[in-house]
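> got a predicted structure here, sequence first:
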Amino acid sequence: MTPTLVNTTPQELYQPYLALDMRYKVGENNNIIGKHRRRLTMIVVARFGVISPTIVMWLYGISKHQALEHLNKLEREGVLFMVSTYRSPDNRVYVMSYSGAQYAQELLGMSIYYRSTANPALQFNANTVHHDLICIYCSLCGIQEKQSTNMPIGIVTELEFKRLFKSNDVRNIDGIIQEANGSLAAIDVEHSYKNKQSREKILLKYLHGLKHGYYAKIFLFSQSTAIFDDIKRFHNQLFEELPNRFNKQTKQPILTNDDAELLKSSIIFRTKYCDAIMNLFYN
């Protein structure tokens, strides 16, 4: 168990983040609509570190042109910076300025991490920005779908999760989502193929997370059902092999049969989102 968790459960550490309202509420007139969009856009950037026109277009149900107008207006106001990058489907992303960070702190009612730098491009990882944008979609899509139920639902972002938990035993998942029934699910976006050794390490870290209360299940997202099929193939092989392989120090199986059953029942492949992810971020 990580030092952060001494006398504190993961659920207790998540609560300030889960309580933040990330739903988009459509206003009664253009003025209120604009205020709601401005608020949510700034909170998304504050919590995820980056945003793009594609995310704004999807989130508010507007055209790409309107999304660009929205973001460029925030840039002119000095609360966002635009950074060109070919790794984004839009060839650009928007990140927080110092003034924007101060404004976002007022909106959230909590301190947010802000990396002060003269170069806005250093505020995000260009190598993972495509993946990170998909994570924003996967984290927020459930919240937007649940608006009409009035049920409590929230998220913990990848950045927030990493700051809470530093142990190498914990997989750096792409976020936590609280379902309408209160259950906590990890989000992991798999947009590329991995080898069997990598899959084994990931499985064992999932098991650690499940057993230590970080989450009760894992939702896997991808743009490709072929990637899902590849993951399932490796998982099936590992579920057969690992109970028959032993840890040299403990002399115990690397994975017990009960562990394998727990993983099988807890890993959920969200195939219903494959086409949406492909259409938004790859076409």
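That came in fine, so what should we check first? In this text, all values refer to a predicted model and were calculated from it rather than measured experimentally. Numbers count the residues shown, from 1 in each chain.
> check contacts around the closest residue to Tyr215 other than its chain neighbours.
In space, and not counting its chain neighbours, Tyr215 is closest to Ala186: 4.2 Å by CB to CB, 6 or more residues apart in numbering. Where you see a C-beta, it was placed from the backbone N, CA and C, and this is true even at glycine. Residues near Ala186 by CB atoms under 8 Å, 6 or more residues apart in numbering: 173-176, 206, 209, 214-215, 217-219.
> ditto for Thr8
Thr8 touches nothing, counting by CB under 8 Å, 6+ apart.
> wait, Tyr13 sits on Arg163?
Wrong residue type there; residue 13 is Leu, not Tyr. No: taking CB atoms under 8 Å as the definition, Leu13 is not a contact partner of Arg163, at 10.0 Å.
> more crowded one of those two?
Taking other CB atoms under 10 Å, Leu13 and Arg163 do not tie; Leu13 has more neighbours (18 against 11).
> did I read that right, the more buried one in a helix?
Yes: counting by DSSP: H, G, I helix; E, B strand; the rest coil, Leu13 is part of a helix.
> please tell me how far it sits from Val156.
Distance, Leu13 to Val156, by CB to CB, to the nearest Å: 9 Å.
> quick check: neighbours shared by these two?
Leu164.
> still on that earlier bit, out of the contacts of Ala186, which are inside helices?
Residues of these located in helices (DSSP state H): 206, 209.
> out of the contacts of Ala186, flag the one nearest to Ala104.
Proximity of the contacts of Ala186 to Ala104 (CB to CB) peaks at Gly175, which lies at 18.2 Å.
> so which strand or helix has the nearest residue to the closest one once chain neighbours are set aside?
Among residues not flanking Gly175 along the chain, Ile187 sits closest, at 4.3 Å (CB to CB, 6+ apart). Element membership of Ile187, judged by DSSP states H and E, is strand 184-189.
> pairing partners for that strand, with directions?
Strand 184-189 sits in its sheet next to strand 175-178 (antiparallel), strand 217-221 (parallel), going by DSSP bridges.
> ok, which of those comes nearest Ile268?
strand 217-221 (5.4 Å).
> now do the buried residues in that closest one.
For strand 217-221, the neighbour count (16 or more other CB atoms under 10 Å) marks 218-221 as buried.
> can I get those in CSV with distance to Tyr114 and pLDDT?
Formatted as CSV, the buried residues of strand 217-221 follow (distance: CB to CB, whole Å; pLDDT from 0 to 100):
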residue, distance to Tyr114, pLDDT
Ile218, 30, 97
Phe219, 29, 96
Leu220, 31, 97
Phe221, 28, 97
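> show me which of those residues is closest to Glu75.
Phe221 (29.5 Å).
> list the contacts for the closest one?
134, 138, 187-190, 270, 273, 277.
> list the beta-bridge partners for it.
According to DSSP bridges, beta-bridge pairing links Phe221 with Val189.
> what about it, distance to Phe161?
Distance from Phe221 to Phe161, by CB to CB: 16 Å.
> give me the angle between the helix or strand of the chain with the lowest mean pLDDT and strand 217-221.
Lowest on mean pLDDT, DSSP states H and E among the helices and strands of the chain sits helix 129-145, with a mean of 90. Counting by axes from the mean of the first three to the mean of the last three CA atoms, to 10 degrees, helix 129-145 lies at 120 degrees to strand 217-221.
> thank you, goodbye.
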